[in-house]
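>>> Sequence and predicted structure are below.
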Amino acid sequence: MDAGVSESSARRALCHPDGKKSCGACCGMYNHRKSDESALMARLVERTRAFRRDASVEDEASLRAFRVRWEDPPEVKLLGELASCPFLGLLDGLDPTGRVGCLVHPLQNQGVDGRDCGVYDRFICEDYLCAAHAVLKRQEVELVIAAVPDSYLYGLVITNPRLIRTFFDLAATERGAYPTVRELARDEAIAAARGFFELVRDWPYRDTDGIFGAVVPGEGLETSRRPHPAGEQEVKPVDTLLLGLGTRKLSVEELEDARGRVYQAVLSFAAVLG
């Protein structure tokens with residue numbers, strides 16, 4: 001993280017940045033074979049409703065019973081041995097467009113802490129920071145926070161630093177300079193960035209296991225790099241974005257269309273920077 005940005009402020013900025021959205025990736029939010037937005041958010045609505053009905057953070061037995069019922073088995077996960085915490089739910093009522101987070105966190109329960117009943121104990125939950133905290137620059141973080149409107153998309157974008165950095169780098173190449181903080185704060189820049197990040201939500205060429213972008217889930221915790229969607233065709237710089245979008249292998253015609261979509265998003269962003 002940038003010098004002068006404390007760990008606590010970085011944690012707030014990435015995990016719960018603005019009171020409107022949050023990231024549940026480290027809790028296993030996307031670690032499911034059915035991870036499209038409608039299915040994923042419907043599961044969180046159902047789980048949150050059940051938690052409010054059946055469990056109490058002050059009743060350890062109810063929390064352990066809830067975990068037995070709601071913890072995903074390995075066969076429904078993309079990474080079978082990666083923990084997916086059953087206490088991840090919706091924090092703003094049952095609003096699927098609102099914040100996601102820990103239903104047993106002390107900040108949600110007048111100081112009562114039930115995290116030791118989850119897949120991680122309270123100390124791991126408290127101390128863990130994903131790689132994005134160390135990799136992303138402050139201006140990149142601020143643009144993502146401004147441009148991404150909801151938790152489902154936010155978690156996918158903020159935990160994909162290479163996608164964000166490549167988008168910035170390609171735009172800088174087009175205009176001949178890296179964007180300044182003032183340029184990134186313009187409404188036009190935020191809107192153009194949102195147009196690109198929205199591709200992550202509904203990318204038509206995403207592979208069936210492409211929710212993690214360039215990482216291919218395997219058995220247990222095993223991962224590998226995604227095969228290049230261009231196959232034997234000539235590789236271009238914009239293809240790094242295709243990998244970050246979890247793109248499957250493409251035909252010549254599909255590759256041309258996919259490149260055109262992401263390149264146009266880069267050009268639109270570069271153009272409004274001045």
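Received it, and whenever you're ready, just let me know what you need. Residues are numbered from 1 along each chain as shown.
>>> Now do the contacts for the spatially closest residue to Ser84 that is not a sequence neighbour.
With C-beta to C-beta, 6 or more residues apart in numbering as the criterion, Ser84 has its nearest non-adjacent residue at 2.8 Å, and that residue is Gly28. For every residue, glycine as well, the C-beta is placed using N, CA and C. Residues near Gly28 by C-beta atoms under 8 Å, 6 or more residues apart in numbering: Asp72, Lys77, Leu82, Ala83, Ser84, Cys85, Leu88, Val119.
>>> possible to save those residues as JSON lines with secondary structure, distance to Thr97 and neighbour count?
Shown next, in JSON lines, are the contacts of Gly28 (DSSP: H, G, I helix; E, B strand; the rest coil; distance: C-beta to C-beta, whole Å; neighbours: other C-beta atoms under 10 Å):
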{"residue": "Asp72", "secondary structure": "coil", "distance to Thr97": "23", "neighbour count": "19"}
{"residue": "Lys77", "secondary structure": "coil", "distance to Thr97": "25", "neighbour count": "19"}
{"residue": "Leu82", "secondary structure": "coil", "distance to Thr97": "26", "neighbour count": "17"}
{"residue": "Ala83", "secondary structure": "coil", "distance to Thr97": "26", "neighbour count": "17"}
{"residue": "Ser84", "secondary structure": "coil", "distance to Thr97": "22", "neighbour count": "23"}
{"residue": "Cys85", "secondary structure": "coil", "distance to Thr97": "21", "neighbour count": "25"}
{"residue": "Leu88", "secondary structure": "strand", "distance to Thr97": "16", "neighbour count": "24"}
{"residue": "Val119", "secondary structure": "coil", "distance to Thr97": "26", "neighbour count": "19"}
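>>> Please, where are all the strands along the stretch 101-250 of the chain?
215-217, 223-225 (DSSP state E, counting those that start in this stretch).
>>> Of those, which stretch is the most buried?
strand 215-217 (a mean of 19; mean count of other C-beta atoms under 10 Å).
>>> per-residue confidence averaged over the host helix or strand of Ala270?
Taking DSSP states H and E as the criterion, Ala270 maps to helix 252-272. On average, the pLDDT along helix 252-272 is 97.
>>> helices or strands next to it in the packing?
Secondary-structure packing of helix 252-272 (3 or more C-beta pairs under 8 Å, 6 or more residues apart in numbering; DSSP states H and E): helix 161-175, helix 187-202, helix 239-244.
>>> Kindly recompute the last result at 6 Å.
helix 161-175, helix 187-202 (3 or more C-beta pairs under 6 Å, 6 or more residues apart in numbering; DSSP states H and E).
>>> which intervals of the stretch 1-150 of the chain have sub-threshold pLDDT?
1-13 (pLDDT under 70).
>>> redo that, cut-off 50
For the stretch 1-150 of the chain, the stretches flagged by pLDDT under 50 are 1-11.
>>> if we can go back for a sec, of the helices and strands packed on helix 252-272, give the one that comes closest to Arg226.
Of all the helices and strands packed on helix 252-272, it is helix 161-175 that lies closest to Arg226, at 11.6 Å by C-beta to C-beta.
>>> mind listing the helices for the stretch 51-200 of the chain?
Secondary structure of the stretch 51-200 of the chain by DSSP state H, counting those that start in this stretch: the helices cover 60-70, 122-127, 132-135, 138-147, 151-158, 161-175, 181-184, 187-202.
>>> Pull out the buried residues from the last one.
Within helix 187-202, the residues that qualify as buried by neighbour count (16 or more other C-beta atoms under 10 Å) are Ala189, Ile190, Ala192, Ala193, Arg194, Phe196, Phe197, Glu198, Leu199, Val200.
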